[in-house]
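Engineer: Generate a structure from the sequence data that follows.
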Amino acid sequence: MAATNFAAMTGRQKIVWSRELWIAARNQMLLQKFMGKGQGAMIQRITELTKTEKGERVLMQLVADLTGDGVIGDDEREGREEAMQTYSIEIQIDQISHGVINTGKLADQKTVINIREKGRDVLAYWLASRIDELAILTLSGVDYSHTIDGAKRDPKSPFPQLAFAADVRPPTSLRHRLWNGTALVPPDSSKVTTACTLSYAMLVDAGAWAKDHYITPLRVGGKEYYVVLLKPGALAQLKKDPDYLRAVTQVASKEGQNSPFFTGGTVTVDGLVLHEHRVVYNTKKAPAGQKWGADGNVNGTRTLICGAQALGFADLGAPEWDEKKFNYGARQGINIDKMFGLLKPQFYSTQDESVQDFGVLAVDHYLG
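Structural biologist: Here you go, the predicted model:
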């Protein structure tokens, strides 16, 4: 009986499996909830190359607000127009790849279709989790030599060599704060203590800081919002805060048991949409002495308050799907390649008169 030829898949068949994997991966991604193609999206997804004098590039663009006062009455309009200030920044792209291989015909005893289905599932989860992790590290301004939990990444990992890894920048001066338990202060990880617990007061102050410093909000249904990405442990701190409880009790009582407060869903309070997720930067697995606090042994986390264009995501097509036979057809392998790029945009802020992170405010605090 002839063996199934993995390598003989048609181009159409490969495209179908590639698309299925990408659909599965995107459905699992935290980022998927916040993606959009326009400048009003929290994560601007760019799928096309822009032709420039230097060739085709992936560009993220921002049209700045007008600063002039215009004219009044019947005053001359011609010659008083204001030029729109358009800024663009390039997103570097690279490719990540991974593969799986079955044990062999005798040990595995599975059909080719099952191998493909299992491979698709595990590779889709791998792809979604890695893109999420790299995106949060980029937003947080933490280099790719670290994991999301603060540990040093395996020296064999290729992530620190990604083309866009060099563009990861620490949070800028006016987009980075430390919550000391009572107020937002300039960041200093050595000053994180157990008193720096997340509270409703921090949410109120962070929302006001974002507005005062002109971080463009997300606009939905005529209302303005910021998305707050925080660890489950941070949300647990909030739920123990009496002020937070009072703030959400009225909404919870109206919606009854269907309220997100009771179901574990997304909670919106004071224009802040709270999304808890385990993929938020923290120091849980950082070595002793390299965490936060005066002695480097206090666990902390970096909560992110995100507005429009907080992150640029260059998404150049579905992953490439390839299959190969090994050991005279006794083993089958599947490999995927995904080309993409990530960038936290920084632009000149006319309000702050300096270059700042455009769409995200990072707040450090105690995690426990």
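
Engineer: starting at the chain centroid, how far to the longest helix along the chain?
Structural biologist: Determined from DSSP state H, the single longest helix within the chain is helix 112-140. Computed by C-alpha atoms, centre = their mean, to the nearest Å, the chain-centroid distance of helix 112-140 equals 15 Å.

Engineer: Need the contact partners of the helix or strand following it.
Structural biologist: Using DSSP states H and E, the helix or strand that directly follows helix 112-140 along the chain is strand 176-179. Strand 176-179 is contacted by residues 141, 170, 184-189, 191-192, 196, 198-199, 202, 205-206, 209, 361-365 when judged by C-beta atoms under 8 Å, 6 or more residues apart in numbering. (Glycine included, C-beta is placed from N, CA and C.)

Engineer: Keep only those of the residues you listed that are in helices.
Structural biologist: 202, 205-206, 209.

Engineer: coming back round to it: hmm, which of the contacts of strand 176-179 are the buried ones?
Structural biologist: 141, 184, 187, 189, 191-192, 196, 198-199, 202, 205-206, 209, 361-365 (16 or more other C-beta atoms under 10 Å).

Engineer: on that earlier part again, which of the ones in helices among the contacts of strand 176-179 lies closest to Arg57?
Structural biologist: Nearest to Arg57 among the ones in helices among the contacts of strand 176-179 is Trp209, at 33.6 Å by C-beta to C-beta.

Engineer: I'd say the closest one and Arg175 touch.
Structural biologist: No: between Trp209 and Arg175 there is no contact, the gap being 9.2 Å when judged by C-beta atoms under 8 Å.

Engineer: Are there residues contacting both of the two? Which ones?
Structural biologist: Leu361.

Engineer: in the stretch 251-368 of the chain, which segments are predicted with low confidence?
Structural biologist: Low-confidence segments of the stretch 251-368 of the chain, defined by pLDDT under 70, are located at 251-266, 326-331.

Engineer: What segments of it are strands?
Structural biologist: Using DSSP state E, counting those that start in this stretch, the strands found in the stretch 251-368 of the chain span residues 267-269, 272-276, 300-306, 311-315, 320-326, 331-343, 346-349, 354-357, 360-366.

Engineer: Surely Val298 and Trp292 touch.
Structural biologist: Yes: using C-beta under 8 Å, Val298 makes contact with Trp292 at a distance of 4.9 Å.

Engineer: Overlap in contacts, those two.
Structural biologist: Listed contacts common to Val298 and Trp292 are 192, 283; contacts here mean C-beta under 8 Å, 6+ apart.

Engineer: Would you mind splitting this protein into its domains for me?
Structural biologist: 6-65+86-142+313-345, 171-311+347-366 (automatic domain parsing).

Engineer: okay, those domains in CSV with distance to Pro155 next?
Structural biologist: As requested, the domains of the chain are exported to CSV (distance: least, C-beta to C-beta, whole Å):
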stretch, distance to Pro155
domain 6-65+86-142+313-345, 17
domain 171-311+347-366, 15
